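Asker: After the sequence you'll find the predicted model.
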Amino acid sequence: MTQVNTAQIEQAVRLILEAIGEDPNREGLLDTPKRVAKMYTEVFSGLNEDPKEHFKTVFGEAHEELVLVKDISFFSMCEHHLVPFFGKAHVAYIPKGGKVTGLSKLARAVEAVAKRPQLQERITSTIADSIVESLDPHGVMVVVEAEHMCMTMRGVKKPGALTITSAVRGVLEKDAAARAEVLSFIKG
Ligand SMILES: Nc1nc2c(ncn2[C@@H]2O[C@H](COP(=O)(O)OP(=O)(O)OP(=O)(O)O)[C@@H](O)[C@H]2O)c(=O)[nH]1
Ligand SMILES: [Zn+2]
């Protein structure tokens, strides 16, 4: 497991504060480097986690129809600007051969993948591929909707703009009606 170098983060934050013309020794900022190091340790904790680990929990249930956990809230950090993007992930799969995983494990996998410097597209496809590799299901569909702070608080400044990404695997790739059913459940 990679250990986060908090001393290095603290040093870097002090340098950034100096670089913007702040005084890192003024009272209000004294503990800031330490707080930021603690915060980064938390928000990047997914770097130490393999989402597939969570899918080791399987129940031998003969359910070979849709399972959808929707509205899984997540917070991630855009790898280009290191500011947050956040929203909801919807994770659907059709189990095969009695490989049904715990419902919370789908949300745990989202957390593991989101808590890294990320791209929304990569979050979406990594979750889908982890389910395929671990559970070998009939099909998977992951839809992620998020607002990117780098598009709202800075740069192009478009608050409310929502980015939607999807990753579809297996039978859901070919079956438009099944895909539509998943989408209708997500919307409903
Ligand atoms: N595809 C994708 N792009 C992202 C994501 N998060 C942020 N971006 C984009 O990454 C791009 C980086 O563009 P650059 O031109 O290198 O950086 P920039 O000058 O800060 O760009 P602006 O945001 O347009 O000001 C921007 O268009 C962001 O909107 C993401 O999850 N997926
Ligand atoms: Zn960004």
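Answerer: Now that the structure is in, tell me what you want to look at. Ligands and ions are numbered 1, 2, ... in the order given.
Asker: CA only for contacts and neighbour counts going forward, please
Answerer: Fine.
Asker: mind listing what the lowest-mean-pLDDT helix or strand in the chain pairs with, with the direction of each?
Answerer: The helix or strand of the chain with the lowest confidence, counting by mean pLDDT, DSSP states H and E, is strand 58-60 at a mean of 95. The pairing partners recorded for strand 58-60 under DSSP bridges are strand 99-101 (antiparallel).
Asker: what is the rounded mean pLDDT of the strand it pairs with?
Answerer: Mean pLDDT, computed over strand 99-101, is 98.
Asker: what's that strand in contact with?
Answerer: Residues from elsewhere that reach strand 99-101 (CA atoms under 8 Å, 6 or more residues apart in numbering): 55, 56, 57, 58, 59, 60, 61, 62, 63, 135, 136, 137.
Asker: elements contacting the next helix or strand after it?
Answerer: Going down the chain from strand 99-101, the next helix or strand is helix 103-114, by DSSP states H and E. For helix 103-114, the elements it packs on are strand 67-78, helix 120-135, judged by 3 or more CA pairs under 8 Å, 6 or more residues apart in numbering; DSSP states H and E.
Asker: Save those as TSV, and put in mean pLDDT and distance to residue 170 too.
Answerer: Compiled in TSV, the helices and strands packed on helix 103-114 are given as follows (pLDDT from 0 to 100; distance: least, CA to CA, whole Å):
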stretch	mean pLDDT	distance to residue 170
strand 67-78	98	14
helix 120-135	98	8
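Asker: Can I get these in a markdown table including distance to ligand 2 and mean neighbour count?
Answerer: Shown next, in a markdown table, are the helices and strands packed on helix 103-114 (distance: least, CA to the ion, whole Å; neighbours: other CA atoms under 10 Å):
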| stretch | distance to ligand 2 | mean neighbour count |
| --- | --- | --- |
| strand 67-78 | 5 | 19 |
| helix 120-135 | 10 | 21 |
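Asker: What parts of this structure come near ligand 2?
Answerer: Applying CA under 5 Å from the ion, we find that the chain lies next to ligand 2 at 78, 80, 81, 150.
Asker: and if we set it to 8 Å?
Answerer: Contact residues, the chain versus ligand 2 (CA under 8 Å from the ion): 77, 78, 79, 80, 81, 82, 83, 84, 148, 149, 150, 151.
Asker: Put the buried members of those residues into a PyMOL selection.
Answerer: Buried residues among these (16 or more other CA atoms under 10 Å), as a PyMOL selection:
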select buried, resi 77+78+84+148+149+150+151
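Asker: Great, nothing more from me.
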